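Participant: Sequence below, structure please.
(4 chains)
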2 protein chains.
Amino acid sequence: MDAEAQRGEEWADVTPDAARRLVTAAVEAFAERGYHATTTRDIAGRAGMSPAALYIHYKTKEQLLYRISSVGHRLALDLLTAARDGGGTPVERLAEAVRSFVRWHAEHHTTARVVQYELGALAEDHYAEIVALRRGSDGAVRSIIEDGVRSGDFDVPDIPGTALAVLSLCIDVARWFNADGRRTPDEVGAFYAGLALRMVGAGTPER
Amino acid sequence: MDAEAQRGEEWADVTPDAARRLVTAAVEAFAERGYHATTTRDIAGRAGMSPAALYIHYKTKEQLLYRISSVGHRLALDLLTAARDGGGTPVERLAEAVRSFVRWHAEHHTTARVVQYELGALAEDHYAEIVALRRGSDGAVRSIIEDGVRSGDFDVPDIPGTALAVLSLCIDVARWFNADGRRTPDEVGAFYAGLALRMVGAGTPER
DNA sequence: CGGATGCCTAAGCGCTTGCTCAGCTTCGGG
DNA sequence: CCCGAAGCTGAGCAAGCGCTTAGGCATCCG
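Facilitator: Numbering: from 1, shown residues only, chains lettered A, B, ... in the order given. Below is the predicted model:
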């Protein structure tokens, strides 16, 4: 699947067509330049329409960012809760959480960059809503680690600190990942799952 | 040492006094709102002077960012090369690299946030210069890991990937660290040094 | 056929931005 | 005591910003 097709799927449920074109244009522009450096003229131009047309589909520029941030955060949270509630040992569940979370951040690194690094530009109430979702993500990872410590599979001196570090490591993938780079999203996901297991003291147990 | 004293020391060699006040004001403003959302009026206001005074000490707003980014990157690079060239085993040198790098990112998280997350706003030639410094940082960490693999202390399947991941984990400290939080910069540094050792297969070897 | 609705554009309004400039004050050296 | 340099300010310019408005086409429903 190439990048274009991904974007098409990612925002498939945004209608009408023009609104979808605007949201994908905004994702690209925000990821490239940042929210504040992006103009509504630029977004409209990328979507092939006049600046005024943007305001038929979205009330403000901030609403576009909110829409992107909301969809992205909900998706990321779903990946993590699915891994938490999925079957298997804590080792398997942590590996699955990191693998899917990292794969998403690599595959959709344009969207992920906006989702992870532009939330400071949200309006206050929208920001509060997003922060709640993020607390949920943190909680999901922490709960998997707690299970692993309880079962004796993990050896972790500081559970909240380790949960934060694992999530932090995964999130930062969005910052550096390059689609033209050496590794595919799948490879990075698998590699990072191994790193996370080592971080909780469950990696390469043959040592 | 409190935050004020740190800032005083950090930019102690910037003269005259007004230029130093401007650079510390810019660091605060850029870290809070981001480069593009910060106005020259805001920077000048925080420094207690009129907007026009800024241009006596700095040619443009971008020059302020460049100055901050340059000083910060050079400092970070120095920490890592000192650890690479310092004595001791690879285990000790990697631990020292991560400990000092993380401590700096936590202690100076305001500056670090600007240094790590605002470089996209730099002018093209300045950006190229900074990217070269960053490659140096990456090289320092990679070289410590290579030494550890050669000596048999580390067990790493992908050296460049692991170097990137370790650096990435450390950098992200600037994003989430809060001075009012649970842990001190020293504690976070020590904790992350342990995590990094686990990531290279050298942590908690008694397992 | 007539009118309402959905989607779009050209033009532009009010405001803020980065930055400039003429002129003021302060102060050390001759 | 005067002069030039250094440091600063109030006022403001040109450009660009987010967003609005008035109006033009289609399309569809009665």
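
Participant: Heading C-terminal from the helix or strand bottoming out on mean pLDDT in chain A, find the next helix or strand.
Facilitator: Least confident helix or strand of chain A, by mean pLDDT, DSSP states H and E, is helix A:3-10 with a mean of 64. As assigned by DSSP states H and E, the chain's next helix or strand after helix A:3-10 is helix A:17-33.

Participant: Tell me if that following helix is near chain B.
Facilitator: Yes - judged by CB under 8 Å from any CB of the partner chain, helix A:17-33 and chain B are in contact via residue A:33. Heads up, the C-betas are built off the backbone N, CA and C, glycines and all.

Participant: Any part of that helix near DNA strand C?
Facilitator: Yes - judged by CB under 7 Å from any atom of the strand, helix A:17-33 and DNA strand C are in contact via A:17, A:18.

Participant: Extract the C-alpha trace of that helix and format it as CSV.
Facilitator: Coordinates of each C-alpha in helix A:17-33 appear next as CSV, following Å, rounded to 0.1, in the frame of the first residue of the first chain:
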residue,chain,number,x,y,z
ASP,A,17,-15.2,14.7,-1.1
ALA,A,18,-14.1,18.3,-0.7
ALA,A,19,-13.9,18.0,3.1
ARG,A,20,-11.8,14.9,2.8
ARG,A,21,-9.4,16.7,0.4
LEU,A,22,-9.1,19.5,2.8
VAL,A,23,-8.3,17.3,5.8
THR,A,24,-5.6,15.4,3.9
ALA,A,25,-4.2,18.7,2.6
ALA,A,26,-4.2,20.1,6.2
VAL,A,27,-2.4,17.0,7.5
GLU,A,28,0.4,17.4,4.9
ALA,A,29,0.8,21.1,5.5
PHE,A,30,0.7,20.9,9.3
ALA,A,31,3.2,18.0,9.2
GLU,A,32,5.6,19.9,6.9
ARG,A,33,5.5,23.3,8.4
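
Participant: Now do that helix: which elements does it pack against?
Facilitator: For helix A:17-33, the packing partners by 3 or more CB pairs under 8 Å, 6 or more residues apart in numbering or on different chains; DSSP states H and E come out as helix A:40-46, helix A:54-57, helix A:61-85, helix A:109-117.

Participant: how about those in TSV, adding distance to DNA strand D?
Facilitator: Putting these into TSV (distance: least, CB to the nearest atom of the strand, whole Å) gives the following:
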stretch	distance to DNA strand D
helix A:40-46	4
helix A:54-57	4
helix A:61-85	4
helix A:109-117	15
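
Participant: I'd like to know which of those helices lies nearest to residue A:23.
Facilitator: Closest approach to residue A:23 among the helices and strands packed on helix A:17-33 (CB to CB): helix A:61-85, 6.3 Å.
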